[in-house]
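J.: when you get a sec, could you give me coordinates for this:
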Amino acid sequence: MRSKCIYLLKDTTQQPIYVPLRSLWTTSICLLLNISGANAANAVLAPAMPATLTFNISVVILIVVMVILIWRLSLKYEIHQRHVAEKELTEAKATAEAAQGRAESANYRKSEFLGIAAHDLKNPLSSIRGMAELIEEDLESLEDLPEERKVRMTAMLGDIQDSANHMLILIRDLLNVEALESGAQQLAQACVILNPLVADVVDFNRPGAKKKGISIEFVERVEKSTFFGDATRAWEILDNLINNAVKYSPRGSTIRVEVGRKDDDSGVQVAIVDQGPGLSPNDLEKLFGRFARGSAKPTGGESSTGLGLSIVKTLVEQMYGKVWAENREESQGSIFYVEFPDPTEKAPEN
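T.: The predicted structure follows:
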């Protein structure tokens, strides 16, 4: 008989009390069916144990059952809420992907339009600039033309040339941006001798600097330096940086272009040092951003597209190099640094 009983506690005589399991379950079921616990206990457990003790045990069992039911209900509610959240997340993700697809499509069409427009405008603008130069040359040979009128026409032709040059620079930058964004521009990877390349860019920019009374010094801190990259794109990078130095330097100042090694001797470095107004903290923060313009103004009335330094940064990084700028410590002006990797540090395979 005791094998089917459960030991509960000891009575006042320190004797154990054994309760039949069948009686406990019967009492619990009666309580759940809203039958009086006292009557059920008296009817079933009276021979075995006091009614109060039986009732207390039944209440405990009832509480346990209710806790389990509440836990199951809360679990079902949590699962339902999770399913709702997952459904909303899936719908939001689908909406975001659709919006991204539309944005990418619109951006592609925009880039395609800009590329077509730039290509279509490039040749006519080159022709306008060329014809303006020819007319200016013919004016010098016209002896019967009043000098005052000749001067005025020469100035007007100069404005036409400047406007055409500005538009050609803008078109060049737009084409470069479009090529970089589309991935159409593939950079060559070869060993390039840096010194003659920098010297060529310096010579190219000297005539423009001379018009403003600016001199450009070329300093070779190493006799022969080489890097691994694209010579044509490196020329464009240096031309942009030196041209910027000429653009923002005051008349009569000096620009110094230095070629040397990186501090850790792991590559080559070009430094363009100017005597311009320097860079504000805000300029340094957004300097290489697209369409970013600094607080300084060109000293000769030149125009700026705000794309040049952004293109420089992209091209340098594609050659696994580095570009940055800082203000000079000893005097007014700024320094732009470009670093290129050694030929031994070839671009990693994708």
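J.: residues contacting the residue nearest in space to the middle of the chain?
T.: Geometric centre of the chain, nearest residue: residue 289, 10.3 Å, by CA atoms, centre = their mean. Contacts for residue 289 (CB atoms under 8 Å, 6 or more residues apart in numbering) come out as residue 310. Bear in mind the C-beta positions are built from the backbone N, C-alpha and C, glycine included.
J.: also the one 10 residues further on?
T.: Taking CB under 8 Å, 6+ apart, we find residue 299 in contact with 212, 247, 248, 249, 250, 251, 276.
J.: mind doing that once more with 10 Å?
T.: Remark: with contacts taken as CB atoms under 10 Å, 6 or more residues apart in numbering, residue 299 is in contact with 212, 214, 246, 247, 248, 249, 250, 251, 253, 276, 277.
J.: so what secondary structure elements neighbour the helix or strand residue 92 falls within?
T.: Per DSSP states H and E, residue 92 falls inside helix 51-141. On a contact count with 3 or more CB pairs under 10 Å, 6 or more residues apart in numbering; DSSP states H and E, helix 51-141 meets strand 5-10, strand 16-20, helix 21-32, helix 37-44, helix 147-182.
J.: so the residue nearest to the centre of the chain sits in a helix?
T.: No: using DSSP: H, G, I helix; E, B strand; the rest coil, the secondary structure at residue 289 is coil, not a helix.
J.: give me the buried entries from the contacts of residue 299.
T.: Burial by neighbour count, 16 or more other CB atoms under 10 Å: within those this picks out 212, 214, 246, 247, 248, 249, 250, 253, 276, 277.
J.: please name the residues that touch the fifth one.
T.: Listed by CB under 10 Å, 6+ apart, the contact partners of residue 248 are 274-279, 294, 296-300, 302, 304, 333-334.
J.: again, but for the first one
T.: Residues in contact with residue 212 (CB under 10 Å, 6+ apart) are 246, 247, 249, 250, 251, 252, 253, 299, 300, 302.
J.: element containing the first one, please.
T.: For residue 246, the element it lies in under DSSP H and E is helix 231-248.
J.: what's the mean pLDDT across the very next helix or strand once past that helix?
T.: Next along the chain after helix 231-248, taking DSSP H and E as the criterion, comes strand 254-261. Averaging pLDDT along strand 254-261 gives 92.
J.: what's downstream of strand 254-261, the next helix or strand?
T.: Defined by DSSP H and E, the subsequent element after strand 254-261 is strand 267-273.
J.: before we move on, the earlier item: now for the contacts of residue 212: which two are most distant?
T.: Comparing all pairs in these by CB to CB, the longest separation belongs to 252 and 302, at 16.7 Å.
J.: which residues does residue 101 contact?
T.: Per CB under 10 Å, 6+ apart, neighbours of residue 101: none.
J.: how near is it to residue 95?
T.: 11 Å (CB to CB, to the nearest Å).
J.: ok, now residue 248?
T.: 46 Å.
J.: check residue 69 too.
T.: Distance from residue 69 to residue 95, counting by CB to CB: 39 Å.
J.: let's have the contacts of residue 299 in JSON lines, adding distance to residue 170.
T.: Conversion of the contacts of residue 299 to JSON lines gives the following (distance: CB to CB, whole Å):
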{"residue": "212", "distance to residue 170": "21"}
{"residue": "214", "distance to residue 170": "24"}
{"residue": "246", "distance to residue 170": "18"}
{"residue": "247", "distance to residue 170": "15"}
{"residue": "248", "distance to residue 170": "18"}
{"residue": "249", "distance to residue 170": "22"}
{"residue": "250", "distance to residue 170": "25"}
{"residue": "251", "distance to residue 170": "25"}
{"residue": "253", "distance to residue 170": "27"}
{"residue": "276", "distance to residue 170": "23"}
{"residue": "277", "distance to residue 170": "24"}
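J.: name the nearest of those residues relative to residue 199.
T.: Among these, residue 246 lies closest to residue 199 (CB to CB), at 16.3 Å.
J.: surely that closest one meets residue 254?
T.: No: here residue 246 does not reach residue 254: they are 11.2 Å apart, not a contact under CB atoms under 10 Å.
J.: who touches both of those two?
T.: Joint contacts of residue 246 and residue 254 (CB under 10 Å, 6+ apart) are 209, 214, 216, 274.
J.: most neighbours among the residues you listed, please name it.
T.: Highest neighbour count within these: residue 274, with 28 neighbours (other CB atoms under 10 Å).
J.: state the distance from the spatially closest residue to residue 211 that is not a sequence neighbour to residue 176.
T.: Leaving out its chain neighbours, the residue that sits closest to residue 211 by CB to CB, 6 or more residues apart in numbering is residue 300, at 7.6 Å. Residue 300 is 24 Å from residue 176, where distance means CB to CB.
J.: kindly report the same for residue 84.
T.: Distance from residue 84 to residue 176, by CB to CB: 49 Å.
J.: related to what we said a few turns ago, please list the members of the shared contacts of residue 246 and residue 254 that lie in helices.
T.: Of the positions in these, residue 209 sit in helices, assigned by DSSP state H.
J.: adding pLDDT, write the shared contacts of residue 246 and residue 254 out as a markdown table.
T.: Shown next, in a markdown table, are those (pLDDT from 0 to 100):
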| residue | pLDDT |
| --- | --- |
| 209 | 90 |
| 214 | 93 |
| 216 | 94 |
| 274 | 92 |
